[in-house]
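# what follows is a predicted protein model with its sequence.
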Amino acid sequence: MTNATRTTPAGPANAGPANAGTINAGPASAGKGRIRSGHERTNWTATVILIVCTLGVLVPLYVTVSMAFKTTGQAVDGNAFSLPAPLSLEGFSQAWTLTNFPRGFAISVFVSATAVVGEMVVSALAAYAIVRNWDRRIFRWSFFYLLAAMFIPFPVVALPQIQLTGMVGLDNPLGVAILHIVFALAFNTMLFTAFLRSIPLELEESMRMDGAGTWQVFWRLIFPLLGPMSATVGIFAFIASWNDFMMPSLIISDPELQTIPVLQKIFQTQFSNSYNVAFASYLMAMAPAIIVYLFTQRWVMSGLTQGAVK
């Protein structure tokens, strides 16, 4: 009898287990990859930078609040980081009287409210006209002209603006509010234009088929849809106009009609020896802007995000 030698084919039969091993190793390797990718490394450089920036904001704010509630003796003891003991409202009462805070507060509110409403309405109208007439050359060049105006800072044209406002009788808080509207027109129009491009034209056409005119379409359809972006523009306008020092100090000729930031500068010499009065005045001036931003910051991000994504 001859012993038959059984040969094993070197084809797919042998490759089967190896392939099976390879196939089985695939999910395991993928699982390890997923496990490794799940453990993200902490970017310590960015974390340290954020912590330093946060402390750079919170530490001065803490010193401002603590100094504002101290007595005159506690304010000059050389320890700015100590807590006020006891709490004192002496600084607030003196700052309220020295700067005539109610009048300055009312003027600042007038300037900020006028700037907010004017920037939202004027910029929205300009953006609507540009977007819906983009095929016309004059509207396209108007948009490019506004973009070019963004690169011109106020100090460059400060002297002509002072002369012009004095000639037309706008060297007052109303003139400051109008200048805020004009100088913010370029940036706000750019924001509204990006948002308006996401609104379908069919919505307007359906209203026009029902007999609505251009003004009705804008006020009843377009402007309500611009709500998120209008909130963003309004918040930026309020913060910029409320904290502005240069424009009111140059434009307003009557010291009795100055805004709060300028009044603080005028009475700074009287605050030099009373740190609690100075910090109380600073706190009263910046408190409205902080409160408004804390309650409306979510609209800032939502408006910018919707304008960028849609």
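That came through fine.

# low pLDDT regions in the chain?
The chain contains residues with pLDDT under 70 at 1-39, 269-272, 299-310.

# find the centremost residue of it, please.
Phe236 (5.0 Å; CA atoms, centre = their mean).

# now the host helix or strand of that residue: buried residues?
Using DSSP states H and E, Phe236 maps to helix 227-243. Applying a neighbour-count criterion of 16 or more other CB atoms under 10 Å, one finds 228-242 buried in helix 227-243. Using the backbone N, CA and C atoms, a C-beta is placed for each residue, glycine as well.

# which is the succeeding secondary structure element to it?
helix 246-251.

# put the alpha carbons of that following helix into CSV.
Extracted as CSV, the C-alpha positions of helix 246-251 are listed here (Å, rounded to 0.1, in the frame of the first residue of the first chain):
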residue,chain,number,x,y,z
MET,A,246,-14.0,110.4,23.4
MET,A,247,-17.1,111.4,21.3
PRO,A,248,-19.1,113.1,24.1
SER,A,249,-16.1,114.9,25.4
LEU,A,250,-15.3,116.3,22.0
ILE,A,251,-18.8,117.0,20.7
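
# flag every buried residue along it.
247-248, 250-251.

# name the helices or strands packed onto that helix?
Packing partners of helix 246-251 (3 or more CB pairs under 8 Å, 6 or more residues apart in numbering; DSSP states H and E): helix 158-167, helix 173-183, helix 260-266.

# what's the closest of those helices to Ala75?
Proximity to Ala75 (CB to CB) singles out helix 260-266 among the helices and strands packed on helix 246-251, at 16.7 Å.

# and that closest one, what other elements does it pack with?
Packed next to helix 260-266, using 3+ CB pairs under 8 Å, 6+ apart, are helix 101-132, helix 246-251, helix 275-309.

# hmm, back to that, just put the helices and strands packed on helix 246-251 in TSV and tack on mean neighbour count.
Formatted as TSV, those follow (neighbours: other CB atoms under 10 Å):
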stretch	mean neighbour count
helix 158-167	14
helix 173-183	21
helix 260-266	20
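
# Tyr275 is nearest to which of these?
That would be helix 260-266 among the helices and strands packed on helix 246-251, by CB to CB, at 13.6 Å.

# list of residues touching the closest one?
For helix 260-266, the surrounding residues in contact (CB atoms under 8 Å, 6 or more residues apart in numbering) are 99-101, 104-105, 107-108, 242-245, 248-249, 252, 255, 258, 271, 281-282, 284-285.

# how far out from the middle of the chain is that helix?
24 Å (CA atoms, centre = their mean, to the nearest Å).

# go on, stretch 88-104?
Centroid separation for stretch 88-104 versus its chain: 29 Å, with CA atoms, centre = their mean.

# how about it: buried residues?
Buried-residue list, stretch 88-104, by 16+ other CB under 10 Å: 88, 90-92, 94-96, 98-99, 101, 104.

# now stretch 187-205
Those would be 187-196, 199, 204, for stretch 187-205 by 16+ other CB under 10 Å.

# picking that back up, would TSV of the helices and strands packed on helix 246-251 with distance to Met150 be doable?
Shown next, in TSV, are those (distance: least, CB to CB, whole Å):
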stretch	distance to Met150
helix 158-167	17
helix 173-183	9
helix 260-266	24
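
# which of the ones you listed sits closest to Val48?
When these are ranked by proximity to Val48 (CB to CB), helix 260-266 comes first, at 33.2 Å.

# phi first, then psi, for Leu170.
The phi and psi values for Leu170, taken as degrees, to the nearest 10, are phi -110, psi 30.

# does it touch Ile178 like I think?
Yes. Contact criterion CB atoms under 8 Å: Leu170 and Ile178 qualify, at 6.5 Å.
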